[in-house]
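Visitor: When you get a sec, could you give me coordinates for this:
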Amino acid sequence: SAARQRIEINRRDGVIGTLERKVVELNTNLEASDNARRVLEQTIVDRIPKIEARLIETRKLLEARDAEIERIKSDASKTFQALDEAMQINAQQRNEIDRLRGSLATRASPEHASGTGGARRHDTEIALRSELEALRARTRDQASLIGRLQEVVKSHQSSAVEQSAEHDAA
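Guide: Here you go, the predicted model:
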């Protein structure tokens with residue numbers, strides 16, 4: 001009976017030893033998990049302000065880009081209006097040139113050239129030719145202005161497209 005009790009005690013001691021090792025192992029794992037959780041919490045606490053600051057910075061950047069896009073749209077609209085006005089002025093000047101050419105052709109015809117007032121006609125013809133040349137110069141200037149305005153519009157459009165692409169990439 002004493003031997004059985006010793007065997008039973010030894011068996012219980014073995015089970016108790018195994019359970020004690022498991023308790024120590026579980027406590028070690030619990031401490032490791034707690035440490036990992038604390039490190040993760042600290043990392044999150046440290047990173048949240050940085051992420052919020054980057055978010056605020058990104059929002060400001062987006063607002064600035066939106067404002068720039070609106071300014072470019074406004075500039076493009078004004079440029080289109082100026083271009084339309086320049087084209088209308090150019091068309092009016094061309095019409096005036098055509099009218100003056102017709103007037104010169106009429107005055108230069110042989111039927112109109114004969115008669116009195118030849119000197120006066122000559123002065124009028126010189127004045128008309130001068131006005132015609134002035135209008136031609138203005139037409140060239142207007143055509144140049146139209147070309148420059150079209151280039152500005154193209155550059156604004158390409159700039160807006162590039163900024164939009166950069167914004168989309170970000």
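
Visitor: tell me the average confidence for stretch 124-134?
Guide: Averaging pLDDT along stretch 124-134 yields 79.

Visitor: next one: stretch 31-48
Guide: On average, stretch 31-48 scores 95.

Visitor: Then stretch 155-165?
Guide: Stretch 155-165 comes out at a mean pLDDT of 70.

Visitor: cool, and stretch 63-83?
Guide: Stretch 63-83 comes out at a mean pLDDT of 90.

Visitor: May I see the buried residues of that stretch?
Guide: Neighbour-count burial for stretch 63-83, counted by 16 or more other CB atoms under 10 Å, picks out A76, T79, L83. Every residue, glycine included, has its C-beta placed from N, CA and C.

Visitor: so which helix or strand takes in the first one?
Guide: Spelled out, it's A76. Using DSSP states H and E, A76 falls within helix 2-108.

Visitor: tell me what that helix is packed against?
Guide: Under the contact criterion of 3 or more CB pairs under 8 Å, 6 or more residues apart in numbering; DSSP states H and E, helix 2-108 touches helix 118-169.

Visitor: got CSV for the buried residues of stretch 63-83, with distance to E96 too?
Guide: As requested, those are exported to CSV (distance: CB to CB, whole Å):
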residue, distance to E96
A76, 30
T79, 26
L83, 20
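
Visitor: of these, closest to R101?
Guide: Checking those against R101 by CB to CB gives L83 as the nearest, at 26.5 Å.

Visitor: Tell me which residues touch the closest one, please.
Guide: For L83, the contact set (CB atoms under 8 Å, 6 or more residues apart in numbering) comprises I146, L149, Q150, V153.

Visitor: so which of those is the most crowded?
Guide: L149 (19 neighbours; other CB atoms under 10 Å).

Visitor: In contact with that one, which residues are there?
Guide: Counting by CB under 8 Å, 6+ apart, L149 has contacts T79, A82, L83, A86.

Visitor: For those residues, please prepare JSON lines with the additional fields distance to R136.
Guide: Formatted as JSON lines, the contacts of L149 follow (distance: CB to CB, whole Å):
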{"residue": "T79", "distance to R136": "26"}
{"residue": "A82", "distance to R136": "22"}
{"residue": "L83", "distance to R136": "21"}
{"residue": "A86", "distance to R136": "16"}
